[in-house]
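Undergrad: Take this sequence and fold it.
(2 chains, ligands or ions: 2)
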Amino acid sequence: MQAPDLFEETFFSLSANKSRSILTILGIVIGIASVITMISVGQGAAQDITGRIESLGTNLLVISPGSGQQAGTIVRGGAGSAETLKISDAEAIRASVPEAELVAPVVNSRKQVIAKGQNTNTSIYGIETNYFTIKAIVVENGSAFTDRQNTSRAKVAVLGPTANTDLFGEGFNSVGQKIKINNQEFTVIGITQAKGGTGFGNADDLIYIPLNTALQYISGSDSLSSINVQVSEAELMTVAQAEIQDLLLQRHRINDPANADFSIVSQADLLSSLSSVSDTLTMLLGAIGGISLIVGGIGIMNMMLTTVTERTREIGLRKSLGATKNDISWQFLAESVALTFIGGIIGIMIGYLASLAVTKFSGINTNITMSSVLIAVGVSGLIGILFGYYPARRAAKMDPIEALRYQ
Amino acid sequence: MIKCIDITKIYNTGGSEVPVLKNVNFEINKGEFVAIVGPSGSGKSTLMHILGALDRPTSGKYFLDNKDVSSLTDEELAQIRSQKIGFVFQSFNLLPRSSVLRNVSLPFIYDKKVSRNERQAKAEKALLAVGLEKDRWQHLSNQLSGGQMQRVAIARALVNDPDIILADEPTGNLDSKTGEIVLETFRKINQEKGHTIILITHDKRVASFARRTIEIKDGLIVADFKN
Ligand SMILES: Nc1ncnc2c1ncn2[C@@H]1O[C@H](COP(=O)(O)OP(=O)(O)O)[C@@H](O)[C@H]1O
Ligand SMILES: [Mg+2]
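TA: Ligands and ions are numbered 1, 2, ... in the order given. Next comes the predicted model:
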């Protein structure tokens, strides 16, 4: 049997039973569309996470106190309660790691903050001015504090927009107002631009104060919560990480790196561990869609088995005309593959529209990748072969004489 | 052209062996118009299935063009059916919801020798040979009368010039008048185109349209004569 004949026969058979063909195709359409949509939601989430991590700053190394932090566990967050990282460590890095372009020591803790009787619990970040540069934080109203204010331990604060709203109300320009942190009175000198985002990486619900002020009036020690290091070039990240590691081990008098009382996490580590999480999410969502695809495939098998039985005499006739087992097999296989293929194409289009709708109506970011489309096409073809094979073999194996006699 | 030597067919039903054909011997030459006649259950269809390469005998040899068909593989049998045999069935076996022309062209799908652009002309020639009116050619097969359907089936059997046309009770579903038209069609094809025709029937009147009759009873040939 030649390809054009196979194509024509398939077309004739499927159009002879239009409503049944359409219903069967519909099963595959739903399956493929849900796979495409689900995966696009997963991929969208992955894209979100990547984007947010990149917005945290570029070429960034974060040194945290405390030991045993592996890349896989950083998602837990909130590490750094150990008091092993000192301000002198930051100065040492600054002095002897040439790749470290900016070194920003940070001390942060959650505190109760009061303003005009309003009360909120928020993160207080003690930072040096270079932190604004590393994190690309823009002060919208008022201004950021200066190095001199840091040195002089000035009691000034820059509010994140959420903290500003919580303390003073939406849109209030609080520059010049007084707030109380830890019973110390601070003057608001600036409000930062909103960075957006909720939960992880939210840079809006916090208050920045000078590092030295924080060490003296808030924490009362010289321990740091983290040191952010911006490396001059992406290629130097590993070198810088190794140098900082060696330096701090030496300073802390630790011989075995496994016993380190600090950990260094690079942006790349963060990305890879989070993308493994989002990959799992994508797979899970894809599997949910896959279930409806299998149901669609069973629909194909059901239809093909019915068709084979109904057309027993036709199969007998074709064999009497000289059709071989393979000819018959191919004919029915082609029908089921055609059904799934058409279903796959329509399913991709509907899946595409559905993921647009998800983004439009729920605000969840979605992303259709070429690979998910290719996988969908491949899987639908495979389902056609898989679920069409058994009915096709059954047709091929029929005894021509029995088939011709079938009533 | 056809040579049957000691053809035996035994069916095995539920442990007991039922002999249906018992040492059948005969020869049919090219261009003959033969009727195989016998009462119902005498083994005519079984014999036709062997002659048409749909089935193999339990023992004995069947030579078609000096080739032993009784020992071929399924694929080789399919090849023989495609190129040397045309079947006509009692119940027509046309594809419903398909046009007359498509039905007649169906055998080409399994015959690599005929190119796609030859097909239309050959199908039309076959339809002209069975005398089906031209205005019916585009009709769907299920819109035709019984006699017309059977002539379409004959055209289909004829279309890629097989050596032998095997017809199993071709008039069994037709009234006697349309039956005669169909039988005349066979006679005409045999005379004008020289196809070997083997007509299987239980009806001696139908058999009388052929030029030779082989009578079969209980799986044995009991008579073989010229009409
Ligand atoms: N597949 C089979 N299994 C068992 N017995 C069969 C089978 N096919 C035919 N027979 C038996 O063989 C005998 C001859 O059948 P058949 O050749 O169809 O006769 P005819 O066509 O002359 O009426 C019948 O008795 C029938 O029951
Ligand atoms: Mg019979």
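Undergrad: hang on, residue A:378 in a helix?
TA: Yes. According to DSSP: H, G, I helix; E, B strand; the rest coil, residue A:378 belongs to a helix.
Undergrad: Can you name the residues of chain B that neighbour chain A?
TA: Contact residues, chain B versus chain A (CB under 8 Å from any CB of the partner chain): B:49, B:52, B:54-55, B:74-75, B:78-83, B:85, B:87, B:89, B:93, B:95, B:97-98, B:102, B:106-112, B:116, B:156. (C-beta placed from N, C-alpha, C; glycine too.)
Undergrad: Just give me how far stretch B:200-219 sits from the chain centre.
TA: Put simply, stretch B:200-219 sits 14 Å off its chain's centre (CA atoms, centre = their mean, to the nearest Å).
Undergrad: So is that stretch next to ligand 1?
TA: No. On the criterion CB under 6 Å from any ligand atom, stretch B:200-219 is out of touch with ligand 1, staying 6.9 Å away.
Undergrad: which parts of that stretch are buried?
TA: Residues of stretch B:200-219 classed as buried: B:200-201, B:206-207, B:209-216, B:219 (neighbour count, 16 or more other CB atoms under 10 Å in any protein chain shown).
Undergrad: Please give me every residue in contact with residue 2.
TA: Reading this off chain A. Contacts of residue A:2 were listed using CB atoms under 8 Å, 6 or more residues apart in numbering or on different chains, and they are B:109, B:112, B:116.
Undergrad: try again with chain B
TA: For residue B:2, counting by CB under 8 Å, 6+ apart, the contacting residues are B:26-28, B:51, B:62-64, B:164, B:196.
Undergrad: filter those residues to the buried ones?
TA: Using 16+ other CB under 10 Å, the buried members of these are B:26, B:28, B:51, B:62, B:64, B:164, B:196.
Undergrad: which ones among the residues you listed are found in helices?
TA: Counting by DSSP state H, the buried ones among the contacts of residue B:2 place residue B:51 in helices.
Undergrad: So which of the buried ones among the contacts of residue B:2 sit within strands?
TA: Residues of these located in strands (DSSP state E): B:26, B:28, B:62, B:64, B:164, B:196.
Undergrad: ChimeraX command for the buried members of the residues of chain B next to chain A?
TA: Remark: buried members of these, expressed as a ChimeraX selection using 16+ other CB under 10 Å:
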select /B:49,52,54,55,78,79,80,81,82,83,85,87,89,93,95,98,102,106,107,108,109,110,111,156
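Undergrad: quick one: pLDDT of residue A:168?
TA: Note on residue A:168: pLDDT of 91.
Undergrad: what's the answer for residue A:79, then?
TA: The model's pLDDT for residue A:79 equals 45.
Undergrad: So which bits of chain B are right by ligand 1?
TA: Chain B comes close to ligand 1 at residues B:11, B:13, B:18, B:20, B:38, B:40-46, as judged by CB under 6 Å from any ligand atom.
Undergrad: can you map out the strands along the chain?
TA: Using chain A here. A:60-65, A:100-115, A:118-127, A:139-142, A:156-159, A:178-181, A:184-192, A:206-210, A:226-231, A:262-266.
Undergrad: ah, I was thinking of chain B
TA: Ranges of strands within chain B are B:2-13, B:16-28, B:33-37, B:59-64, B:67-68, B:85-88, B:164-168, B:196-201, B:212-217, B:220-226, based on DSSP E.
Undergrad: can those strands go into TSV with extra columns for distance to residue A:308 and mean pLDDT?
TA: Formatted as TSV, the strands of chain B follow (distance: least, CB to CB, whole Å; pLDDT from 0 to 100):
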stretch	distance to residue A:308	mean pLDDT
strand B:2-13	25	94
strand B:16-28	29	94
strand B:33-37	33	97
strand B:59-64	31	94
strand B:67-68	33	92
strand B:85-88	21	96
strand B:164-168	24	96
strand B:196-201	29	96
strand B:212-217	35	96
strand B:220-226	39	95
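Undergrad: in chain B, which segments are predicted with low confidence?
TA: Applying pLDDT under 70 to chain B flags no residue at all.
Undergrad: By residue count, tell me the biggest helix in it.
TA: Chain B, longest helix under DSSP H: helix B:176-193.
Undergrad: Return the list of helices and strands in contact with that one.
TA: The elements that helix B:176-193 packs onto, with contact taken as 3 or more CB pairs under 8 Å, 6 or more residues apart in numbering or on different chains; DSSP states H and E, are strand B:33-37, helix B:116-129, helix B:146-158, strand B:164-168, strand B:196-201.
Undergrad: Please repeat the previous calculation with a cut-off of 10 Å.
TA: Applying 3 or more CB pairs under 10 Å, 6 or more residues apart in numbering or on different chains; DSSP states H and E, we find helix B:176-193 packed against strand B:33-37, helix B:116-129, helix B:146-158, strand B:164-168, strand B:196-201, helix B:204-207.
Undergrad: tell me which parts of chain A are close to chain B?
TA: A:1-2, A:4-6, A:8-9, A:12-13, A:15-17, A:311, A:313-314, A:316-327, A:331, A:399-401, A:404-405, A:407 (CB under 10 Å from any CB of the partner chain).
Undergrad: related to what we said a few turns ago, list just the one of the strands of chain B that sits closest to residue A:206.
TA: For these, the distance to residue A:206 is smallest for strand B:85-88, at 87.4 Å, taking CB to CB.
Undergrad: Given that closest one, what are its sheet partners and their directions?
TA: Strand pairing for strand B:85-88, determined by DSSP bridges: strand B:164-168 (parallel).
Undergrad: The strand it pairs with versus strand B:33-37: what angle between them?
TA: Using axes from the mean of the first three to the mean of the last three CA atoms, to 10 degrees, the direction of strand B:164-168 lies 30 degrees away from that of strand B:33-37.
Undergrad: Next, count neighbours for residue 18.
TA: Let's take chain A. 9 (other CB atoms under 10 Å in any protein chain shown).
Undergrad: my bad, chain B
TA: Neighbour tally, residue B:18, other CB under 10 Å: 11.
Undergrad: Look up how far residue A:316 lies from the residue lying closest to it once chain neighbours are set aside.
TA: In space, and not counting its chain neighbours, residue B:18 is closest to residue B:11: 4.7 Å by CB to CB, 6 or more residues apart in numbering or on different chains. As judged by CB to CB, to the nearest Å, residue B:11 and residue A:316 stand 18 Å apart.
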